[in-house]
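> starting from these lines, generate the structure:
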Amino acid sequence: MSQSTIQIALLKYNGGGDWYSNPTSLPNLIKFCNENLGTNLNKDYATVEVGSIDIFNYPFIHMTGHGNVTFSEEEARNLRNYLLGGGFLHIDDNYGLNQFVYPQIKKVFPEYDFVELPFDFPIYHQKYDFNKGLPKIHEHDKKPPQGFGIIHEGRLVCFYTYECDLGDGWEDQTVHNDSEETRLKALKMGANIVQYVFTQ
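Now for the predicted structure:
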C-alpha cells in the first residue's frame, strides 16, 4: 500500500456511547501529521464498525466517546483478529469511557490486561519528546494522565489514553477554547502515536 492511499478510521461501536464525538479532531490531527511528519494521509478519515470486515483496510483506528460501549462476541473476535493481524487501536477517553473500556477490551483479549506504559516507552519519544508521558489536556477529575497498553508478542496493539483527552485538544480551537500551547501539546502527542504506528 503506497503511503498516499493510507486512510485512518474512527471506530463506530454499539451501546449508546457517542463514538462520533469530537468531529474536528481527526481532520486536524491528519493535517498536523501531513504538515509536520511528512506523512501523506488521506485528509478524510473513514468510519468503520467494530464487526465490519472493512476494519482490515485501516492500519490505525481511533476510538473515543463519553459513554457506554458494548462489543458482541463476534465484534470482539473481529477486533482481535484485526489487532493480531497488524492493526492498531487508539482509545481516547473523552471522559466517562473508562468503566466501559476495560470489560470490552477484556472480551477482545481475555489473556491480557492493560499495563501502564513507562515514560521511556517509544510512543512518547518519536518526533516529539514527552519525558513525563501524556500531556494533560482537560482536567476532568484532576488526576494525572496515564497511558495504558495491550502488548502482544512485544508489539503494542492498543494504546489507551486516560485522564488526558487528546481528542479535545485536537479539535478546532473554538470548540473548547483551549490555548494554542495546549492544543499543540495534544497534536504533537497525537503525531507521536501516528508515527509510532507507521514506523514499527
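> just checking, next helix/strand downstream of the helix or strand bottoming out on mean pLDDT in the chain?
Ranked by mean pLDDT, DSSP states H and E, the weakest helix or strand in the chain is helix 173-176, scoring a mean of 85. Following helix 173-176 in sequence order, the next helix or strand is helix 180-199 (DSSP states H and E).
> residues making contact with that next one?
With C-beta atoms under 8 Å, 6 or more residues apart in numbering as the test, helix 180-199 has contacts from 6, 8, 28-29, 32-33, 36-37, 39, 41, 59-60, 88, 90, 122-128, 130, 134-135, 137, 156, 159, 166-170, 173, 178. Any C-beta I mention is one placed from the backbone N, CA and C, and that applies to glycine too.
> same question for stretch 43-51.
With C-beta under 8 Å, 6+ apart as the test, stretch 43-51 has contacts from 7-14, 26-27, 30-31, 34, 54-55, 57-58, 61-62, 71-72, 74-76, 78-79.
> and for stretch 8-21?
For stretch 8-21, contacts defined as C-beta under 8 Å, 6+ apart pick out 26, 30, 41-42, 45-50, 55, 57-72, 75, 89, 94, 97, 100, 167, 194.
> in contact with the closest residue to residue 131 other than its chain neighbours, which residues?
Using C-beta to C-beta, 6 or more residues apart in numbering and skipping the chain neighbours, the partner closest in space to residue 131 is residue 119 (6.3 Å). Listed by C-beta under 8 Å, 6+ apart, the contact partners of residue 119 are 130, 131, 132, 133.
> and residue 119, how close does it get to residue 107?
30 Å (C-beta to C-beta, to the nearest Å).
> pLDDT averaged over stretch 58-75 - what is it?
Averaging pLDDT along stretch 58-75 gives 96.
> need the CA coordinates for that stretch. CSV is fine.
C-alpha atoms of stretch 58-75 as CSV (Å, rounded to 0.1, in the frame of the first residue of the first chain):
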residue,chain,number,x,y,z
TYR,A,58,-7.2,0.7,8.1
PRO,A,59,-3.8,0.4,9.9
PHE,A,60,-4.8,3.0,12.5
ILE,A,61,-8.2,3.1,14.2
HIS,A,62,-9.2,5.8,16.7
MET,A,63,-12.0,5.3,19.3
THR,A,64,-13.5,7.9,21.6
GLY,A,65,-16.6,8.8,23.5
HIS,A,66,-18.1,9.6,26.9
GLY,A,67,-20.5,6.7,27.4
ASN,A,68,-21.5,3.1,27.1
VAL,A,69,-19.6,0.6,24.8
THR,A,70,-20.7,-2.9,24.1
PHE,A,71,-18.9,-5.4,21.8
SER,A,72,-20.7,-8.6,20.8
GLU,A,73,-18.7,-11.8,20.8
GLU,A,74,-18.5,-11.6,17.0
GLU,A,75,-17.3,-7.9,17.1
